[in-house]
Every structure is written in C-alpha cells, then in structure tokens.
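A.B. asks: with the input below, show me the fold.
(2 chains)
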Amino acid sequence: MNNLVISPSPHIHSGDSIEKNMYGVLIALIPAFICSVLFFGWNALVLTLTSVIACLIFEFLIQKYLLKKQTSIWDGSALITGVLLAFNVPSSLPVWIMILGALAAIGIGKMSFGGLGCNIFNPALVGRVFLLISFPVQMTTWPVAHTQIVEPTFPQTYVNVVSENSTDAISGATPLALLKIVVKNNTEISKAKVALTKADKELAEGTKTAAEVAELKTKLEQEIQAAQISQQKAKADLPTALELFVGQNPGSFGEVSALALLLGLLFMLARRVITWHIPITIFITVFVFAGILHLCNPEQFISPVYQLLSGGLMLGAIFMATDYVTSPMAVKGMIIYSVGIGLLTVIIRNFGAYPEGMSFAILIMNGFTPLINRYCKPKRFA
Amino acid sequence: MLKTFKIGGIHPPENKLTSGGKIQKLPVPEQVIIPLGQHIGAPASPVVKKGDAVKAGQLIGQATGFVSANVHSSVSGTVTAVESRPDAAGLLKPCIVIQVEGDEWVPEVDLSEKIERHTDLPKEEIIKAISAAGIVGMGGATFPTQVKLSPPPGSKAEILIINGVECEPYLTADHRIMLERGEEILIGVQLLMKAIEVKKAVIGIENNKRDAIEHLQSLAAGMNGIEICPLKVKYPQGGEKQLIQAITKRAVPSGALPIAVGAVVQNVGTALAVYEAVLKRKPLVERVVTVTGKSVKNPGNFLCRIGTPIAEVIKAAGGPPEDTAKVIGGGPMMGRAIFNIDSPLMKGSSGILLLNEKEGERKPCKNCIRCTKCVSVCPMGLEPYLLMKLSQYNLLERMEEEKVMDCIECGSCSFTCPADRPLLDYIRLGKARTGMMIRNRKK
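C.D. replies: Residues are numbered from 1 along each chain as shown, chains lettered A, B, ... in the order given. Reported below is the predicted structural model:
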C-alpha cells in the first residue's frame, strides 16, 4: 500500500491490442490461403512463406540498424504485408523477385515513412506495383488453377514461364485479360466494318475500281473473321461466374477464390476487426457502375457480377482497402474513399491499358485519405 | 427496444460485485477531516475555530458566493485544527479536523426512521432548505444543487431527469439506495419537481438493475408524473448529455447546458439527500460509498460520515489486499487515483475501488494504427486520435475547431485503444489549455 500508482482515468483497459487485430486479419486470410495451395500447389505455399519471412527480416533489420528503434516485428503487421503481397502475384513468380517485392513493400512502402501507422500507401500494394512495373512479364504470366493438389513441381515452373506473348503464356490469360481481348476485338471489328462501308461508298462514287474494292473487302472480311474467332475463343475461355466464385481461374494466387475471401470478410466483421463500410461500399459501387455500363453496351462491357468476382476486387476490397493505416477515419470519409476505389477500378478495367485496376485504384485513394480526413468529420453529438 | 444514446459508447465489464450487499452503517471514526471545498466552486469559509465543540449536523463552513456550498460537521466532538491538509491527490486543501466525542446531533435533525410525506411546500422553501443543507451533485460532479435548480432567466425547465444509471463498472451505491431507500428517493424527486415547477420526472435506470427498476416502478405507481425508464446498458449513459438524449431524444447543443433543451438532471443520491434535507432537516453529512475490488475481502456498500479517512473504509471492507496497486476514488472509468489514503471521504465519493497490478496496468504506448476504434466509441462524435496529436503539438485553435471543449472525459477512447495510447490524458491537457485560451480571448 506504500507504493500506490497514480495516473489519470480511465484506470481499466479493454484488453484490445494491435496484435489481436492483426492476427484477426491473418486468421481471416486462412481460407484464401488454403484455396491458393489447393489450386496452385506448393508454389503458393513457398511464395507465401518467402514473402512473409522476407518481410519480417527486412522490418527487423531496418528497425534495428537503420532506425535504431525497438523492434516490433511480431505485432502482426509485417506478417499481413507479407501474406497480402504474396497473394498478389502469380504462383509462377521466381522466389528472388518475391524477395525484392518484400523489400519494396517494407522498405519503401512502410519503414521509409516511419513504420506502422505512419505510411500513406498500403505497403503490400506498393510492393505489388513495384513488381508489376519492374517485372511485367513474370508478373502477368498466369498458371492455370487446378482443382486438386498438384504434384510439387516448383523447380520447373520457374524456368518455363517466360514466353513472348505474356498474356497467352503457358496457361492462358486471366478473366480480365480475356475481357480486354474481347473489347479489343470489338473495336477492330467495328473499325473494319466502317472501312467496308467506306469502300462501298468509294465504289459508288467511282473513286476506286471494282477490283481494288473487292480486294480490300476480302481483306477486311478476313480481318473481321479473325477477330471474331479470337473473340469467340476468348469468350469460350472465360470461366463461368460460378467458377470465378469458387476460384477455378488463372490469376494471382490469393485472389482467385471469392468464396474464401468472403468467408474471411464474415470472420472479420464478426470479430469487429473491421466495419462493413469499406468493402460493402466498394461492392455496391462496382456493381452499380459496371451495371450501368453493361446496360448501355452489353457487347463491350461485361456483366457487373463478373466484375465483382474477377481479378483482385474481392482481395482488394476486403483486405487491402480496409487497411487501418491508409483508409479514412470517419464513416463519411470511408464511403467517399470506397466509392472512389469502386469507380476508379471499373474505369481502369474498362478504359485503361491494364486489365486490372484494383491496386491502382486503392493506391490513388490512399493518397486522398489525408485530405478526406481533413474534411470528413464524424457525426458530432450535436 | 430499450432506449439509449445515439453515437458511440462502450461495454466495459460490469464487475458489480456488491449489488447484493445491503448498506452497512460504518461506525463513527475517531477523527474526521472535513474539507471546506468538497464541491465545484468557491470553498466554504470556516465558521468554527480550534477548540470549539461541535455537534453532528452543525454548520462549520459557510458558502462563499453563488456557486458554493455549506459544509456541516458529520460528528460531534472538538475542533482540533482548522488548517490545510493533503487531499486524495496530495495537494494541500483547507480542512476542519474534528476529534470525535460521542454521537450527538443538533436537535432539529429528525433521526427517526419514519417516512415524511408532506411534499406540499412552496418552491422557495425547498430551495432554501437544499441550499442550507449544503447539497451537491452526488454522482461525483459535486455541482451545488441549488444552482442547478435556479435556471437562468429566460429559460424554463420542462422535465426533471433523475440519474439512476450508475454506468461506471464496480459501483453499486446508487443501486442499493434505490432498493433500500426507494420511497424516500421518490419523495425527494417530488420535492425537486416542485422546486423547478415541472409536471414530469423520469428516472433513468440501466437494465442491469432489473430489481431496482421493478421496485421503483411499483412505488411510483401511486405518484403523479414520475416515470421509470429502463435503459440499454452502455457506458457513458450517466453522462448528462447522453442521459438526456436517451430519455428525451433531444441533443443538448455544443457548449450549452441541459436547460437549453428544457431538462434538469439530478442524481438519485441527490434526490435522497434532498428528501433528508427538506423533510428531516438533516444536512448532507453522510453518504453511501461502495468499497470494492476483485481482491477485496469483504466488498460492500457502507453508509459513511463525510470526513472519514479512506483508510478506515478500506479497513471495514477487510483491509487493503496485498496486490493493491491503485486506489481509485469513484469508478474505474472516470474516478481519480488516490495518492493519500489518509485523506477523507467527501460528498462526491461514490466509491473506493482497489485495483490489483494487472487490472490497473498501463501498457506502453505504441504508434497509432488509425483503426478508427476511438472515433467509433466517442459518445460526443469527436476524433480522439486527432485531438491527441493536436494536443501534443499544442495546436489550440485547431483543437477548438475540432470541438475539444465538447469532450466529457468519459475515457471510452483510452479504454478502447488497441495501441494503448493515452488519448484522454493528452485531450484533457489540450482541453484545459484551449479553455484557458478561450477565456483569455473573452477578457
């Protein structure tokens, strides 16, 4: 009784901790991890372990020797960055590239800003975009997902993945890349059709001879046919919505199974690790915006269900856009941020050069987060 | 659907260890130390001197000014000192020290158990009796009651709200008086209704006190205009603005008093003190204190004389446990850590809580991970993470813009923070500095 502790109130604490929240996210990632190993074999396991261990080591080294601070590698944040970074790459990625990605994620994305809580951009996405720009071929070579565990074949896959046409390498393209092919062929077909009418007109006006026009016409018709065949092939290769939902499609190995990712979302909502605002708003925005585009031109724009289930949308909306550090603080701000991500994703996917837009959309909105926080305040009492 | 306030709030473990423990009378101690400033406002000035003989219930400190309260002797005996003594925080405060001899009360006090019911008194007489008895808010805020009952000109009270919420974990003093002194409380409520001329009073009680709700409901059945309102359990429901919103759906504007929405709020303990002051002519010299803690041998609710050393009440509950790390005056969320356990109990002491090392531990502060939990639990809709940062950089204008003055210091943010950040510590500091800046500007 002689040494009483004095401190201001409150004198009790909920017992919540950074670790509890971070490990909650990690538990929520388990279903997606199991799916990725089921569909892509041991490669997925090896890459995830590589990424996680590399992230932990880089964080430890930077904290200890560069920042000279107390190390806190077991708070779970570097683990999450490692897992998410690995989930965002193809399962055929060479291990050394994975390690470089981890260095970019932890070194540039996180520690250069001062460590956990200080970074503006999602570290895993910084790592991913760094890899996408530095190693475009390796980052867009997609092995097919298997429904059963394959034999451990990782030594070979690292050698045979690079081919000339990256999107059509050993395995065929991701659903979103296939969609790009459909759209590209659409444009080619309509271009050729315009040229055909022009040729007809020129014949009527007498500026060109019948032979010239006939030759041109045959050429154009061949082009159209070729485009149509390629388009049909791409359409035939497109997995069904159900296949996308379960995860039987090529893609970054952690993002393919919408079902597993949604299970993770349910877990995090039940444990109150995150709130519903960000993921659900992104889903709604993408569905509505893609739906409007689809209604305007069903040939050009794929159905909103497909947009929702394909690519990194689920992984991004559930696990990356919801990153505590880089998302807004007030509910109003979260909604603006999520609508922004949804719109940008659909715009990049449909009109941009890249087939996938989730990473860029999240990074762009991460950049807006400080501004959103400045102007979007929570609902005051009165 | 039970009523509650709209935004924020937390659910700390209730730990109401003593809700079944009947109120026990604590024996009169050998010596009492009665501080002259037990309320918000100017301290009373002493009207006795060293060597004077006093009786229990005798005026020993006279209120000095509008916001102040009388102080009475809680025991009979001899004044041995009128001097400064260290209070619970170790700061020197003017006190009157009385050596106890017997237990003799001033003659006009009615000490019988008989319940008086003649509430048909003029308003002025009630307020005068309350003022004379030195009654202050018994929930812990200790604002002089007669001031609250005299609304500023131009405003009119429409509803009296009685706070029986007791949302702080561990504390059960209000719960017990509602069960054991229910009828007196309701008579006190009627007196308060007369004093502010309202036709309606609502007693808000959280639903974890079903027995008290049912007991008061059955007693209030015969009384006009008194309603018992069960509330959903959520901290800080006992906050004045939160309670008013829960019961009336009206939000008191930023910077305004409850009277702005026509409400006057009083604690159940205050209602009981009002009954005793007006109908039994007994000034505020004793109160019920919960002495509790997980390692305390005999936690309980004790009726104590004001001025009893805190160490004496702890002794009554079985003495301080070995592992005591912190002694708290009040509840664990808003109470103050006590430095000096020889300091006395005061009018606002609702509980003495002994926390062990593990429970009272403060872990080291980590980086803010911006998880938004502090924002989502803040009952005033503020951004504690931001206010803490602004306070660290002493950006007072920005803090004012971010409504720091609305903070009710409930501690929900610090309680919740997964990074163990001392959010409220910094906000309190910034709030004090911002308040000073605002006052200087007005000058």
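
A.B. asks: what's around whatever residue of the stretch 201-350 of chain B ends up closest to chain A, how many residues?
C.D. replies: The nearest approach of the stretch 201-350 of chain B to chain A comes at B:Ala251, 3.7 Å away (Cβ to the nearest Cβ). Where C-beta positions appear, they are placed from N, C-alpha and C, glycine not excepted. By other Cβ atoms under 10 Å in any protein chain shown, the residues close to B:Ala251 number 19.

A.B. asks: what score does it have for pLDDT?
C.D. replies: pLDDT for B:Ala251: 94.

A.B. asks: what of B:Val288?
C.D. replies: 95.

A.B. asks: in contact with the residue lying closest to it once chain neighbours are set aside, which residues are there?
C.D. replies: Spatial nearest neighbour of B:Val288, excluding adjacent residues (Cβ to Cβ, 6 or more residues apart in numbering or on different chains): B:Ala173 at 4.3 Å. With contacts defined as Cβ atoms under 8 Å, 6 or more residues apart in numbering or on different chains, B:Ala173 is in contact with B:Glu166, B:Gly269, B:Arg287, B:Val288, B:Val289, B:Thr290, B:Asn301, B:Ser350, B:Gly351.

A.B. asks: in terms of pLDDT, where does B:Ala173 sit?
C.D. replies: So, for B:Ala173, pLDDT stands at 95.

A.B. asks: could you do A:Gly342 as well?
C.D. replies: So A:Gly342 comes in at 96 (pLDDT).

A.B. asks: wait, is it part of a helix?
C.D. replies: Yes - under DSSP: H, G, I helix; E, B strand; the rest coil, A:Gly342 sits within a helix.

A.B. asks: what number of residues lie near the closest residue to it other than its chain neighbours?
C.D. replies: In space, and not counting its chain neighbours, A:Gly342 is closest to A:Thr285: 2.7 Å by Cβ to Cβ, 6+ apart. Residues near A:Thr285, counting by other Cβ under 10 Å, number 21.

A.B. asks: helix, strand or coil for A:Thr285?
C.D. replies: helix.

A.B. asks: pretty sure it sits against A:Ile335.
C.D. replies: No - the criterion here is Cβ atoms under 8 Å, and A:Thr285 misses it with A:Ile335 at 9.5 Å.

A.B. asks: chain B contacts on the stretch 101-250 of chain A?
C.D. replies: A:Gly114, A:Gly115, A:Leu116, A:Gly117, A:Cys118 (Cβ under 8 Å from any Cβ of the partner chain).

A.B. asks: let's have the contacts of B:Ala173 in TSV, adding neighbour count and secondary structure.
C.D. replies: Shown next, in TSV, are the contacts of B:Ala173 (neighbours: other Cβ atoms under 10 Å in any protein chain shown; DSSP: H, G, I helix; E, B strand; the rest coil):
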residue	neighbour count	secondary structure
B:Glu166	31	coil
B:Gly269	29	helix
B:Arg287	23	strand
B:Val288	25	strand
B:Val289	26	strand
B:Thr290	32	strand
B:Asn301	27	strand
B:Ser350	25	coil
B:Gly351	27	strand
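
A.B. asks: quick one on the thing from earlier: contacting residues for the residue of the stretch 201-350 of chain B closest to chain A?
C.D. replies: So B:Ala251 contacts A:Phe381, A:Ala382, B:Lys241, B:Ile244, B:Gln245, B:Val261 (Cβ under 8 Å, 6+ apart).

A.B. asks: how's the chain carved up into domains?
C.D. replies: Answering for chain A, as no chain was given. Following automatic domain parsing, chain A resolves into domains at A:17-155+A:163-172, A:175-237, A:274-376.

A.B. asks: wait, chain B
C.D. replies: Using automatic domain parsing, chain B is parsed into the domains B:1-23+B:120-360, B:373-442.

A.B. asks: the domains of chain A: lowest mean pLDDT?
C.D. replies: When the domains of chain A are compared by mean pLDDT, domain A:175-237 comes last with a mean of 81.

A.B. asks: so how far is it off the chain centroid?
C.D. replies: 33 Å (Cα atoms, centre = their mean, to the nearest Å).

A.B. asks: list the contacts for whichever residue of the stretch 1-150 of chain A sits closest to chain B?
C.D. replies: Nearest residue of the stretch 1-150 of chain A to chain B (Cβ to the nearest Cβ) works out as A:Pro10 at 3.3 Å. The contact partners of A:Pro10, by Cβ under 8 Å, 6+ apart, come to B:Pro332, B:Met333, B:Met334, B:Gly411, B:Ser414, B:Phe415, B:Leu424.

A.B. asks: list the ones among those that fall in helices.
C.D. replies: B:Ser414, B:Phe415, B:Leu424 (DSSP state H).
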